[in-house]
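# Below: sequence and its predicted model.
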Amino acid sequence: MPSDFLVGYAPGQPPEILEPGQGKLIKAGSDLVLEIHYTTNGTAATDRSKFGLVFVKEPPKERVLTLSATNGKFRIPPGDPNHRVDSEFELATPVKLSGLHPHMHGRGKDFEYRIVYPTGETETILRVPRYNWHWQLWYSLEKPILLPKGAKIECTAHFDNSANNPDNADPAKEVTWGDQSWDEMMVGFFNLMFDASMPVEDLFPASRRQKTVAVN
């Protein structure tokens, strides 16, 4: 479900730097909530996590919003070396696409983003053939892509749940969605750019707007 996702970090990911005239909206009175995934190792430790924000000096002309095409209902069979999972996100208004960030865990094998235009034409915009969960990159487009109303962002990922995968915690286990490293995720993050005065709910088809009002 879309939400006010400000920024995230995974190993290898650089800081998010926006262009002049762009910004992400944090409403006055908002709480900044950090979700950090820890795994115990039997040793006491001190957390030194921190994050930084740079505030714009003038009202931005373009708002940047991080959303995702996510599938959380998959079930990867034990030993499956090439399990496919798909997701999609449909746009209800024209926007610009500026960046992509595929996210999976240790069984992640490859990831692909496609644009399906209202005409039926399909364009592959990113293909990561050897996904590495130890080094998860954000892919910033050299030139933003204008997406028309009705365009879909489609994602396809494959997972290697076999014994041949050295990052597989347990090839004998069926794997589902979860926060821990031995669980899995299938998230196709992306950044959209649009006029700062446009209501966020305009991004979503009418059938989904009642569920997404909280993102604005």
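Thanks, I have the structure now.
# Now stretch 58-77: average pLDDT?
Here stretch 58-77 scores 95 as its mean pLDDT.
# And that stretch, what's buried?
60, 62-71, 74, 76 (16 or more other Cβ atoms under 10 Å). The C-beta positions use only the backbone N, C-alpha and C, and glycine is treated the same way.
# okay, which residue is most central for the protein?
Nearest to the mean C-alpha position of the chain, by Cα atoms, centre = their mean, lies residue 189 at 1.8 Å.
# which residue sits closest to that one, ignoring its sequence neighbours?
residue 101 (4.0 Å; Cβ to Cβ, 6 or more residues apart in numbering).
# And the strands in the protein?
22-23, 62-70, 83-90, 95-103, 108-116, 122-128, 139-147, 152-159, 187-195 (DSSP state E).
# looking at those strands, which is closest to residue 6?
Closest to residue 6 of those is strand 62-70 (Cβ to Cβ; 7.4 Å).
# Assess the claim that the residue nearest to residue 189 and residue 139 are in contact.
Yes: using Cβ atoms under 8 Å, residue 101 is in contact with residue 139, at 6.8 Å.
# and these two? which has more neighbours close in?
When neighbours are counted by other Cβ atoms under 10 Å, residue 101 and residue 139 differ, and residue 101 comes out ahead with 23 against 14.
# OK, contacts around the more buried one?
8, 13, 136, 137, 138, 139, 188, 189, 190 (Cβ atoms under 8 Å, 6 or more residues apart in numbering).
# Was I right to think residue 147 contacts residue 92?
No: in this structure residue 147 lies outside contact range of residue 92 using Cβ under 8 Å: 10.9 Å.
# and the gap between the closest residue to residue 140 other than its chain neighbours and residue 191?
Excluding the flanking residues, the one nearest residue 140 by Cβ to Cβ, 6+ apart is residue 99, at 4.6 Å. Separation of residue 99 from residue 191 (Cβ to Cβ, to the nearest Å): 4 Å.
# Those two - which one has more neighbours?
Taking neighbours as other Cβ under 10 Å, residue 99 and residue 191 compare with residue 191 leading, 22 against 19.
# Can you name the residues that contact that one?
Taking Cβ under 8 Å, 6+ apart, we find residue 191 in contact with 64, 65, 66, 97, 98, 99, 100.
# neighbours around the fifth one, how many?
Translated: residue 98. When neighbours are counted by other Cβ under 10 Å, residue 98 comes out with 19.
# That one touches residue 141, doesn't it?
Yes: using Cβ under 8 Å, residue 98 makes contact with residue 141 at a distance of 5.7 Å.
# Point to the helix or strand of the protein where mean pLDDT is at its lowest.
In the chain, no helix or strand scores lower on mean pLDDT, DSSP states H and E than helix 206-212, which sits at a mean of 55.
# rewinding a little: dig out what the residue nearest to the centre of the chain forms beta bridges with.
Counting by DSSP bridges, residue 189 is bridged to residue 68, residue 101.
# how many neighbours does residue 93 have?
Around residue 93 there are 17 residues (other Cβ under 10 Å).
# quick one: it from residue 155, how far?
According to Cβ to Cβ, residue 93 and residue 155 sit 20 Å apart.
# Give me the spatial nearest neighbour of residue 70, chain neighbours excluded.
residue 187 (4.9 Å).
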